[in-house]
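Student: give me a 3D structure for the following:
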Amino acid sequence: MGWLKSTAAERRADIAARVSDGRMIPLKVVDVATPYYIRAEDEDLLLHMEREEPHYDPSGPVRFLPPLDNLLWRRERIVDLFDFHYKWEIYTAEVKRTYGYYAMPILHGDRTYGPTT
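Tutor: Numbers count the residues shown, from 1 in each chain. Model (predicted):
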């Protein structure tokens with residue numbers, strides 16, 4: 001839903017409407033209880049990716065993810081999809097910090113790396 005300003009109830013109703021009219025498809029993610037969805041137009045791409053042999057390309061781009069990157073907004077999603085636990089420690093008391101107040105995770109292809117991995 002991007003930057004649309006709406007309540008949780010409005011977002012749920014919008015998703016339900018999109019599923020009902022076929023614009024979105026609910027996904028089943030193994031070992032994840034949170035519901036996720038895909039745009040119907042992307043279903044063939046997802047099915048193609050599922051059929052492909054998994055591979056890791058070490059030559060792919062490396063990206064440092066700043067703490068306010070929208071990929072990191074939902075910490076639960078990062079755990080669900082990447083099994084990655086991230087906490088921006090800038091607001092954590094210094095004595096309770098593990099890695100420093102500004103440690104950044106790294107995204108390399110479809111993998112995340114950080115101080116805890």
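
Student: distance of residue 74 from residue 36?
Tutor: 11 Å (C-beta to C-beta, to the nearest Å). The way it works is simple: take the backbone N, C-alpha and C, and place the C-beta from them, glycine included.

Student: again with residue 77
Tutor: 8 Å.

Student: so which elements touch the longest helix seen in the chain?
Tutor: Secondary structure of the chain per DSSP state H: the longest helix is helix 8-20. Counting contacts by 3 or more C-beta pairs under 8 Å, 6 or more residues apart in numbering; DSSP states H and E, helix 8-20 is packed against strand 24-27, strand 36-39.

Student: now these as a markdown table including mean neighbour count and distance to residue 46?
Tutor: Output for these, formatted as a markdown table (neighbours: other C-beta atoms under 10 Å; distance: least, C-beta to C-beta, whole Å):
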| stretch | mean neighbour count | distance to residue 46 |
| --- | --- | --- |
| strand 24-27 | 14 | 8 |
| strand 36-39 | 13 | 6 |
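
Student: helix, strand, or coil at the residue lying farthest from the centre of the chain?
Tutor: Most distant from the centre of the chain: residue 95, at 29.3 Å, with distances by C-alpha atoms, centre = their mean. Per DSSP: H, G, I helix; E, B strand; the rest coil, the local secondary structure of residue 95 is helix.

Student: tell me which strands the helix or strand of the chain with the lowest mean pLDDT pairs with, and in which orientation.
Tutor: Lowest on mean pLDDT, DSSP states H and E among the helices and strands of the chain sits strand 111-113, with a mean of 79. According to DSSP bridges, strand 111-113 has the following sheet partners: strand 106-108 (antiparallel).

Student: centre of the chain to the strand it pairs with, how far?
Tutor: Chain-centre distance of strand 106-108: 13 Å, with C-alpha atoms, centre = their mean, to the nearest Å.
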